[in-house]
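>>> Based on what follows, work out the 3D shape:
(4 chains)
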There are 2 protein chains.
Amino acid sequence: MNKLNRKVEYALIGLKHMRAKTPGELTSVKELSQTYGVPFEAASRVMQVLAQKGVLRSEQGAHGGYMIARDLARLSFHDLTEMLLGPVAVARCLDEEKDAGCEMRGTCNIISPVTTLNRRLLEFYKGLSVAELLEPRARQTPQAAPTLEQEVRTEL
Amino acid sequence: MNKLNRKVEYALIGLKHMRAKTPGELTSVKELSQTYGVPFEAASRVMQVLAQKGVLRSEQGAHGGYMIARDLARLSFHDLTEMLLGPVAVARCLDEEKDAGCEMRGTCNIISPVTTLNRRLLEFYKGLSVAELLEPRARQTPQAAPTLEQEVRTEL
DNA sequence: GTTATATACGACAAAAAAGATCGTATATGA
DNA sequence: TCATATACGATCTTTTTTGTCGTATATAAC
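Take a look at the predicted model:
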């Protein structure tokens, strides 16, 4: 139920890899694929989406690749998953696009609980920045710079 | 990635249904199945697990059924999912039982982020009581009785 | 200009997970 | 003793996820 989606995994792998490089240095998908053993095509697709959404900047041609184009402290885990997987919906009936009409409309007694869970999960994901995930040292809140007090916390 | 497991759905449906009854009154799986259109066998299995874990009490024979046997305010969402699905693990490598040996051991660069995410998700689920989920009026913390201040909060 | 290397993207195939069902055993109230 | 309920192992089906193939396009290096 809680398993991390592969697309998100590949995104994290790529972002962590790029974060360690000097600003401006590019990373090709081939490099990621060879270093971490991730499938080229699948990872490629993920980086494309991230580039299209402005998280990465892509450079084509020989010696091309990707680089981080946005402050990851201001990118929430929610933003990331939404880009790659669409809206967070713990049940199909909460996803207007995919909802083919729930067969137990009218008799369902847990719409309220399910909605509550979805809302709480959304809040949780929105409050978790990708930067914090990649660098557990600092607990940062997306859309806000980390305070000194937060910077100091120890890892794990 | 975030879709609610059916087993958990059936559990919530059953628990919400039973919560509305007078103490001591039984609910048969047939009743649940007919009322909400959930598959009998699948729902039955869920109730059995819940009974085995002490959340429900089962009564066999004619006019038998299930009733709630435990304070749902002291049952966390984490407890519920663990009973039905096993330990929360956002990646296979975090689930000792199911881990068949990750092929990118040694090269993986996101074990730390994945572990962090798993820990945070666990905290989130542990801090969310089933009672709160079923009755959004009151925000209750599992393992602790709700305070008056918390009782007062309005729904949604 | 040509070539090597990279991204871009639609369509399809394979694998894995989730979900539903079947069959049978057991308990018990009417 | 029969109707109705839970208990539970095994298996089949469906859905979802994941990976692959083929082709087009962009561009730096030569």
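>>> Could you list the contact residues of chain A toward DNA strand C?
A:1, A:3, A:28-30, A:41, A:44-45, A:47-48, A:51-52, A:58-66 (C-beta under 7 Å from any atom of the strand). Every C-beta, even on glycine, is put in place using the N, C-alpha and C of the backbone.
>>> Kindly identify which of those residues also come near DNA strand D.
When C-beta under 7 Å from any atom of the strand is applied, the members of those adjacent to DNA strand D are A:3, A:41, A:45, A:59-64.
>>> Closest one of these to B:V130?
Closest to B:V130 out of these is A:K3 (21.9 Å), distances taken as C-beta to C-beta.
>>> Need the three-state assignment for the residue lying closest to the closest one once chain neighbours are set aside.
Among residues not flanking A:K3 along the chain, B:V90 sits closest, at 6.2 Å (C-beta to C-beta, 6 or more residues apart in numbering or on different chains). Three-state call for B:V90 (DSSP: H, G, I helix; E, B strand; the rest coil): coil.
>>> I'd say B:V90 and A:R6 touch.
No: counting by C-beta atoms under 8 Å, B:V90 does not reach A:R6; the two are 11.7 Å apart.
>>> before we move on, back to that, what's the spacing between the residue nearest to A:K3 and A:A42?
To A:A42, B:V90 is 18 Å away according to C-beta to C-beta, to the nearest Å.
>>> helices and strands of chain A: which one has the lowest mean pLDDT?
Counting by mean pLDDT, DSSP states H and E, chain A has its least confident helix or strand at helix A:148-152, which shows a mean of 40.
>>> quick revisit: quick check on the residues of chain A next to DNA strand C: which are buried?
Among the residues of chain A next to DNA strand C, those classed as buried by neighbour count (16 or more other C-beta atoms under 10 Å in any protein chain shown) are A:1, A:29, A:44, A:47, A:51, A:65-66.
>>> Check whether the nearest residue to A:A91 once chain neighbours are set aside sits in a helix, strand or coil.
Distances taken as C-beta to C-beta, 6+ apart put A:V114 closest to A:A91, at 5.0 Å, once the chain neighbours are dropped. Put simply, A:V114 is helix when judged by three-state DSSP.
>>> how many other residues sit next to A:V114?
A count of neighbours around A:V114, defined by other C-beta atoms under 10 Å in any protein chain shown, yields 20.
>>> Check A:L133 too.
24.
>>> any idea of the pLDDT on A:E96?
Looking at A:E96, its pLDDT reads 73.
>>> And it, how far from DNA strand D?
15 Å (C-beta to the nearest atom of the strand, to the nearest Å).
>>> so who does the residue in chain A that DNA strand C sits nearest to touch?
The nearest approach of chain A to DNA strand C comes at A:Q48, 3.4 Å away (C-beta to the nearest atom of the strand). By C-beta atoms under 8 Å, 6 or more residues apart in numbering or on different chains, the residues touching A:Q48 are A:S58.
>>> tell me which element it falls in.
Secondary structure from DSSP states H and E places A:Q48 in helix A:40-52.
>>> I'd like the next helix or strand past that helix.
Next along the chain after helix A:40-52, taking DSSP H and E as the criterion, comes strand A:56-59.
>>> Quick one: distance of that following strand to the chain centre.
Put simply, strand A:56-59 sits 17 Å off its chain's centre (C-alpha atoms, centre = their mean, to the nearest Å).
>>> cool, stretch A:14-21 as well?
Using C-alpha atoms, centre = their mean, the offset of stretch A:14-21 from its chain centre is 14 Å.
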